[in-house]
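[1] Need the 3D shape of this:
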Amino acid sequence: MEFLPWAAGRAESAGRQGEGPDPDAVRRALRRFYYDTALPMSPYATPTLLTAADPTRVLYGTDWPARPAREVAAVTAALDVDPFLNPTTRQRVRRDNALRLLPKLAARIGRGS
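    So this is what the prediction gives:
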């Protein structure tokens, strides 16, 4: 869902011209959504996503089985070295944000909050 922050720029522009929502409302809404990356997290997309989205609301999705396992592995390895993710944000995106949303799962695997 990394396209939404890019499209939001258009909504903000329309709002400034009186043809769309208030730009501040657009920015507030972007911070409330949850974002499932479904693979495309990369040094190209990460800065835009993290500028628009609250990092505690970004979840790493692999899009498996729609994508081959080797591609999932390659993109996951790239996530591990993405220069725009500090260690705390990387851990949140990879696991902690999802476990916070799924407390029963977290408790079952021994990671309750």
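[2] So which bits of the helix of greatest length in the chain are buried?
    Secondary structure of the chain per DSSP state H: the longest helix is helix 3-16. By neighbour count with 16 or more other C-beta atoms under 10 Å, helix 3-16 contains the buried residues 5, 8, 11-12, 15. Backbone N, C-alpha and C define where each C-beta goes, glycine included.
[3] Could you do stretch 70-84 as well?
    Using 16+ other C-beta under 10 Å as the test for burial, stretch 70-84 gives 72, 75, 79, 82, 84.
[4] Now, these that are in helices?
    Reading helices off the buried residues of stretch 70-84 with DSSP H, I get 72, 75, 79.
[5] Residues contacting the helix or strand of the chain with the lowest mean pLDDT, please?
    Every helix and strand in the chain was compared by mean pLDDT, DSSP states H and E; the lowest is helix 3-16, with a mean of 84. Residues from elsewhere that reach helix 3-16 (C-beta atoms under 8 Å, 6 or more residues apart in numbering): 20-23, 25-27, 30, 33, 35, 48-49, 51-53.
[6] Just the buried ones among those, please.
    Among the contacts of helix 3-16, those classed as buried by 16+ other C-beta under 10 Å are 23, 26, 30, 35, 48-49, 52-53.
[7] what about the residue in the chain sticking out farthest from the centre, distance to Arg28?
    Distance from the C-alpha centroid of the chain, by C-alpha atoms, centre = their mean, peaks at Gly18 (29.4 Å). From Gly18 over to Arg28 the distance is 19 Å, taken as C-beta to C-beta, to the nearest Å.
[8] surely Asp82 meets Val93?
    No - look at Asp82 against Val93 with C-beta atoms under 8 Å: they stay out of range, at 9.1 Å.
[9] returning to what we had before: how about a markdown table for the ones in helices among the buried residues of stretch 70-84, with pLDDT and distance to Tyr44 added?
    Output for those, formatted as a markdown table (pLDDT from 0 to 100; distance: C-beta to C-beta, whole Å):
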| residue | pLDDT | distance to Tyr44 |
| --- | --- | --- |
| Val72 | 88 | 18 |
| Val75 | 87 | 12 |
| Leu79 | 89 | 13 |
